[in-house]
Structure formats: structure tokens, C-alpha cells
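[1] Predicted structure and sequence below. I'll ask about it afterward.
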Amino acid sequence: MQKTANKEHVEHERLSLTGNEATAYALKQANPDVAAVFPITPQTELMHAFAGYVADGLVKTEMIYVESEHSAMSATVGASAAGSRAVTATSANGLALMWEILYIASGLRLPIVMPVVNRALSAPINIHCDHSDTMGARDASWIHLFCENSQEAYDTAICAFRIAEHSDVLLPVMVNFDGFIISHTTEVVDVVADDSAVAKFIGEYKPWVKLLDIKNPITIGPLALTDYYFESKRQQVEAFEKSPAVIDSVFAEYGKLTGRTYERIEKYRTEDAEVILVSLGSTAGTAKDAVDMLREAGLKVGHIKIRSFRPFPSKMLRDAIGKAKVVGVLDRSLSFGAEFGPVCLETMVSLYGSDAKVRNFVYGLGGRDIFVEQIVETGKNLVELAHGKKDLPVQSFIGLRE
Amino acid sequence: MDSKLTWKQIPKGGIIPQAGNSDSYKTGGWRTYKPLHNPANCINCLRCFYLCPDSSILVKETKVTGIDYDHCKGCGVCARECPVNQRENKKPNETDRKPAIKMVLEEN
């Protein structure tokens, strides 16, 4: 462990942590009032680590060991509605079991923070990474942030509280990172040395609803039928309309604190690119290495990593793609029955009216590895498409035995 | 519809910033069968009062005084659980029965 500090930023420590441990560390520093949890691979170690902080008295958190993920999310909703800062965490089938309560959390505008360690949905049973779990929940009115590595998981978990709790937003936030690839891989992570600096950044929790305030009784969760339900949903649209500005300002403020500044998308060597790859999560790191190799070979290829999937940064993405002729979108999940995967569908909508050709590459389902060479090969094919020397199907599969 | 509030005017999250407001939501229109209370046969055991899921049995000074038809949904729990009805239902002839609560079709 080494401690460093410079004049500009808060003092930090370098720790070797897995993605799960880094996120648990962020939760420790956030010190939530309630954590209602149920174990599921590969999330289990996250709340295992956090339970250690609870047992050691390092946090004030009331930990509730519930009997299912449906109960985990229900208890988190109850705790949040009572007026406390509440968290949970899950993966895959656990998220699927939370389904109906996800909509209740967002519909009640409860600023819950939930790390989701991305894992494939059964069947067949598979514990490894893909994005089919959270992609299924993409319309649940949660903010979805994706992380490339343990450092981003730590940073994003801290920022998530500020974003969720902002009065213009008041939406629950999922902090997504890839199961095993990030969750179980030890990396060097810069953490803020002083817990109180994180607590100060996140701020005192000021709940906008609190059932336990008996002097000001309110009703949470009443009926709203044909008369008011529609208006309530329109308010959620407004929250999403306002959320990009909040996310940007929280990321910028976090950058001032730590020196690590994020945006809703991350551009890598895109300025003069003819071909741009788009991806989420840990694959972005592999793709950036592939871009370096393609650039060394004289091919103008860039990469865009999407950090905020909801709200989807359509305009930002369109501007970043600019005049690129071809866009290759990497999807680690499928939208069965649709022509493209979820990230590609969003990218195409963002590019509506543009002349850029878009091709979708589905890869890595059930945790199958994707290698730099495979992305390099994909990049070369896309450059040939850009030069009119080759055509490619609109959707194809990387790393699949045909 | 025009008199209702817009999406900019209503509280967030569908909350109602007061408590105890289910009283103002009239659910009597849901009824198919309507309970009719007959005080002449009622023994005021108050079993219906504490079993009614909608708090629709009206009681004053330990006596059942009637039914709140603004909120009663006609579920029939009161009539089914009434000990007078249970005793009377054992009588062979319908005309001999003297139930304390009788369920009748709402249109009657």
C-alpha cells in the first residue's frame, strides 16, 4: 500500500482489489444506512466484503440478509421509502427475480444504488459474463452506467449516489461491471484515502420522501389508474431528460476531487477514423489495444466506449462518430427477434439520417473470451467495407463455432 | 379530464402528500352483491366489524348501525362469517331463516 498526494487532488491510496472488492470499498466509504442483500455468483464476494466492514463496525449500515432477490429489492425499496440511503447488489437471475420491484423502485423515484455484476441468464445455466441481465432491464427507468475495470467500478459506485439522489433525477442507478472479468480480477485501484472525503463528496442524505417522518404523514404507492398513471410516467421521462447534465457535472466534480474525470462516452483515437468500434464494459480495454495495433498497420480505426447506457448518449455518440464511414458495434447480448443487439439498435437510432454503415458483432455470450486478434480482424474487415472492397452481413458472431 | 392536474403539477413518484386518503376513494361501485344488515336479527357480536377488509361495518357504542356503501365492495365476508347466518342457514326452509346480514344482487 502506498499513499500519495498532490496539491490538486485529495490524498489517495493504491490498493490491489478485485472489481467486487473495489465496489465494496466504495460502498464502505459511502456508508449507506441499509443494505438488503442475497448472494448470487459473481456478485457474492461484493457483499461478502461489505459484510466484513459491517462486522468490523467500519460502517453504520443495517444489513438485512433476505431470502431472495425479490425480497432484497423489496426491502431496499422499503428502506429507501422510509427515508434511508439504501443499497443492494445482484447478478443475472437475481436481477431477473427483482424484475417487478425494479419498476416499483424507479416509479416511486427512490434513489437506490445497485451494483450489478453482469452475468448471462439461464438457460443453459452459465455463471460467466454477458450483458443479457441488465439489457433486459434497460426499459425499467433505471440509470445504467457501465465500467471498464475495477477503478471505474469504484469511481462509478461513488458517483452513482450523487446522480441518483440529485433532485433533478431521483432515479435508481445500476453500476454495471463484467462478471469475473472485472469482478474477480485483482487490479491496482486508486482509492480516496480518507473515507470522510468520500462522505463529504456524496453529502448528507436528504430523502425527498420519508415514511418514518410521522409528523408529516404521506402515502407512498397509491393507485393511479387511467387518471394519473400516464402523467407519473411523463415525470420519469423528464428525469431522464435532465439526467445527462447531472451525470456530467457529478463526473466533472469527481474529477476535481480525484483527478479521474469521466464522460458518458469515452473516445479513443476517433478524430480522423474511417471506422469506429463501439463497445461497453471490459471489452473496451481489449478493443483499445486492437485499435492501437490497427493504427500501427496504418488503418484509421477508433473506438468509443459507452459508459452511460441509460440515459443513452445519442447526440454525443453521433457527434463523436462524425464523418466515420463505418461503425462496428460490439454487443455482449442479444435482443431476440430484433435484427441487432441492444447497443447496435441504440447506435443505429443515434445515427438516423447519417450515411455511416453500421455492422453488428455479437460476441462473448456466456463469458466466452474475446481476444485482441479477433477485434483486429473485425477492424480490418470493417476498413475493407469502408473502402468498398468487401461487404459484411448486418449482424455476425465473433468467436462462435459456425 | 381537463380539470385534472398536469404532469408538471402532480407530486413525484405517484405519492400523495397526505395520509389516510383511502377514505376519499369510493369503491362501492365495484359491488355485485350488496350486504343488507337486519338489526332485528343481529346479536352485535361484531365479528363482521373486525373481519371486514374495507372497514365498512359501521358501529356505534358496540352496536352495528349499518354498512358504509361508499366503500363496501360486496365481498360477502360479513354474511359468511356471521354466526347468526350460520345458525339460520341450517334451517330446512328458506322462508324460516332470519339472517342478520343478507347478500342481495346490487340492482335490487
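    Sure, I can see it. Numbers count the residues shown, from 1 in each chain, chains lettered A, B, ... in the order given.

[2] how about the residues of chain B that lie near chain A?
    Proximity of chain B to chain A is assessed by C-beta under 8 Å from any C-beta of the partner chain, with B:1, B:4-7, B:10, B:12-22, B:25 identified as the residues in range. Backbone N, C-alpha and C define where each C-beta goes, glycine included.

[3] What subset of those residues is buried?
    The neighbour-count test (16 or more other C-beta atoms under 10 Å in any protein chain shown) applied to those identifies B:10, B:12-16 as buried.

[4] Now tabulate the residues you listed in TSV and tack on secondary structure and pLDDT.
    TSV is the format used below for those (DSSP: H, G, I helix; E, B strand; the rest coil; pLDDT from 0 to 100):
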residue	secondary structure	pLDDT
B:10	coil	97
B:12	helix	97
B:13	helix	96
B:14	helix	95
B:15	coil	95
B:16	strand	94
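
[5] ok, which pair from those residues is furthest apart?
    With C-beta to C-beta as the measure, no two of these lie farther apart than B:12 and B:16, at 11.5 Å.

[6] Residue A:191: what secondary structure?
    Three-state secondary structure (criterion: DSSP: H, G, I helix; E, B strand; the rest coil) places residue A:191 in strand.

[7] Beta-bridge partners for it, please?
    Taking DSSP bridges, one finds residue A:13 as the beta-bridge partners of residue A:191.

[8] I'd like to know how far it sits from chain B.
    Separation of residue A:191 from chain B (C-beta to the nearest C-beta, to the nearest Å): 34 Å.

[9] Next one, pLDDT for that residue please.
    Residue A:191 is assigned 98 on the pLDDT scale.

[10] Please name the spatially closest residue to residue A:288 (chain neighbours excluded).
    Take residue A:288 and drop its neighbours on the chain: the residue closest to it by C-beta to C-beta, 6 or more residues apart in numbering or on different chains is residue A:268, 5.1 Å away.

[11] what's the answer for residue A:161, then?
    With C-beta to C-beta, 6+ apart as the measure, residue A:202 is the residue that lies nearest to residue A:161, at 4.7 Å, once sequence neighbours are left out.

[12] next one: residue B:45
    For residue B:45, ignoring the flanking residues on the chain, the nearest one in space by C-beta to C-beta, 6+ apart is residue B:83 at 6.2 Å.

[13] That neighbour against residue B:46, yeah?
    No - under the criterion of C-beta atoms under 8 Å, residue B:83 lies out of contact with residue B:46, with a separation of 10.9 Å.

[14] And the residue of the stretch 1-150 of chain A that's closest to chain B?
    The shortest separation between the stretch 1-150 of chain A and chain B is 3.7 Å, found at residue A:109 (distances taken as C-beta to the nearest C-beta).

[15] And that residue, which helix or strand is it part of?
    Using DSSP states H and E, residue A:109 sits within no helix or strand.

[16] Per-residue pLDDT of it, please?
    Per-residue confidence for residue A:109 comes out at a pLDDT of 98.

[17] How about the contacts made by it?
    Residue A:109 makes contacts with A:170-171, A:208-209, A:235-236, A:239, B:12-13, as judged by C-beta atoms under 8 Å, 6 or more residues apart in numbering or on different chains.

[18] count of residues packed around the residue nearest to residue B:45?
    12 (other C-beta atoms under 10 Å in any protein chain shown).

[19] mind listing what it touches?
    B:43, B:45, B:47.

[20] Now do the strands in the stretch 1-150 of chain A.
    All strands of the stretch 1-150 of chain A, identified by DSSP state E, counting those that start in this stretch, fall at A:2-4, A:12-17, A:34-37, A:62-65, A:86-87, A:113-118, A:143-146.

[21] CSV for those strands, including mean neighbour count?
    CSV is the format used below for those (neighbours: other C-beta atoms under 10 Å in any protein chain shown):
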stretch, mean neighbour count
strand A:2-4, 9
strand A:12-17, 17
strand A:34-37, 25
strand A:62-65, 16
strand A:86-87, 28
strand A:113-118, 30
strand A:143-146, 26
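
[22] Those: lowest mean pLDDT?
    strand A:2-4 has the lowest average pLDDT among those, namely a mean of 53.

[23] Excluding covalently adjacent residues, which one is nearest to the residue of the stretch 151-300 of chain A at minimum distance from chain B?
    Ranked by C-beta to the nearest C-beta, the top residue of the stretch 151-300 of chain A for proximity to chain B is residue A:217, at 3.4 Å. Leaving aside its sequence neighbours, residue A:217 sits nearest to residue B:19 (C-beta to C-beta, 6+ apart; 3.4 Å).

[24] which residues does that neighbour contact?
    Applying C-beta under 8 Å, 6+ apart to residue B:19 gives the contacts A:217-219.

[25] Looking at those, which is nearest residue A:63?
    Compare each of the contacts of residue B:19 with residue A:63 using C-beta to C-beta and the shortest gap goes to residue A:218, at 26.9 Å.

[26] Distance of the closest one relative to residue A:105?
    With distances taken as C-beta to C-beta, to the nearest Å, residue A:218 is found 17 Å from residue A:105.

[27] ok, and for stretch A:269-277, which residues are buried?
    Neighbour-count burial for stretch A:269-277, counted by 16+ other C-beta under 10 Å, picks out A:269-270, A:273-277.

[28] Could you tell me the end-to-end distance of that stretch?
    Start-to-end span of stretch A:269-277 (C-alpha to C-alpha, to the nearest Å) is 11 Å.

[29] Can you pull the residues of the stretch 1-150 of chain A lying near chain B?
    When proximity is defined as C-beta under 8 Å from any C-beta, the stretch 1-150 of chain A approaches chain B at A:107-110.

[30] Going by residue numbers, what spans are helices in the stretch 251-400 of chain A?
    Listed in chain order, the helices found in the stretch 251-400 of chain A under DSSP state H, counting those that start in this stretch are A:283-296, A:314-321, A:342-350, A:372-386.

[31] Which elements pack onto the shortest one?
    Other helices and strands packing on helix A:314-321, by 3 or more C-beta pairs under 8 Å, 6 or more residues apart in numbering or on different chains; DSSP states H and E, are strand A:265-268, strand A:275-279, strand A:301-306, helix A:342-350.

[32] Right, I'll call it a day here.
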